[in-house]
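*Asks:* sequence and predicted structure, then a few things I'm wondering about:
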Amino acid sequence: MTEPSPTQGGTANQQGRVLEKTIIPTFEARGFEIVKYSDWKKKPDKYGSEILLKHVPYTTIYGHRGYTEFLAQSERYNLNHRIECKWQQASGSVDEKFPYLYLNCIEAMPELNIIIIAVGGGMKKGTIPWLKRVVQEKRYLPDGAANKNIQVLSLEEFILWANQTLR
């Protein structure tokens, strides 16, 4: 019996999980514990001060629950960085979600430091330059959000960031 072909969305989700699984060893190699946010939330004292939380909730600009892939917290490296992973290998809709993601970063996510890892090479031309430009120009920032530090990185740039920050 032949298994059904995966849907376009199913393939995209699978490829996105590969990206997420690439991020985890970067932190594990530096002594971070990898823990589901829901487990950590029940007993935060059970875990150390170097931790990479997975599937971290926040309240979106629409007022419902959203999730990002990771929240890196570290006393040693003075980190409290939310990490959002976006993969688009073929034409699709991920790039159309970047304005929504950006507005969530500046209005809804409580952390001051946010990293967006955008990779795959399938995004429409101009998508990543637009996102980097609005981040750099700090466009649409509400009052009091001027100190948000948002970075848009490729996977290579993320690894460089990790090598420089986590030493």
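*Replies:* In hand now; what should we look at? Residues are numbered from 1 along each chain as shown.
*Asks:* show me where this structure has its strands.
*Replies:* Listed in chain order, the strands of the chain (DSSP state E) span 33-36, 50-59, 65-74, 79-87, 113-119, 149-153.
*Asks:* run a quick neighbour tally on Asp45.
*Replies:* As a burial measure, Asp45 scores 5 neighbours (other Cβ atoms under 10 Å). Every C-beta, even on glycine, is put in place using the N, C-alpha and C of the backbone.
*Asks:* repeat that for the one 4 residues further on.
*Replies:* The burial metric for Ser49, expressed as a neighbour count using other Cβ under 10 Å, is 10.
*Asks:* could you measure from it over to His55?
*Replies:* Note on Ser49: its distance to His55, by Cβ to Cβ, to the nearest Å, is 20 Å.
*Asks:* kindly report the same for Trp87.
*Replies:* Distance of Trp87 to His55, given as Cβ to Cβ: 16 Å.
*Asks:* give me the more crowded residue out of those two.
*Replies:* A count of neighbours by other Cβ under 10 Å puts Trp87 above the other of Trp87 and His55, at 24 against 13.
*Asks:* now do the contacts for the residue nearest the centre of the chain.
*Replies:* The residue lying closest to the centre of the chain (Cα atoms, centre = their mean) is Glu84, at 1.0 Å. Shown in contact with Glu84 (Cβ atoms under 8 Å, 6 or more residues apart in numbering): Thr68, Glu69, Leu101, Cys105, Ile114, Ile115, Ile116, Ile117.
*Asks:* pLDDT score assigned to it?
*Replies:* As predicted, Glu84 sits at a pLDDT of 95.
*Asks:* start at 2, not 1
*Replies:* With the count now opening at 2, the last piece we talked about shows up as Glu85.
*Asks:* now it: how far from Phe159?
*Replies:* Distance from Glu85 to Phe159, counting by Cβ to Cβ: 11 Å.
*Asks:* between those two, which contacts overlap?
*Replies:* Common neighbours of Glu85 and Phe159 are listed as Ile116, Ile118 (criterion: Cβ under 8 Å, 6+ apart).
*Asks:* quick check: which ranges of this protein have low pLDDT?
*Replies:* Residues of the chain meeting the criterion pLDDT under 70: 2-17, 93.
*Asks:* in it, which spans are helices?
*Replies:* Along the chain, counting by DSSP state H, helices occupy 9-29, 38-43, 99-104, 128-138, 156-166.
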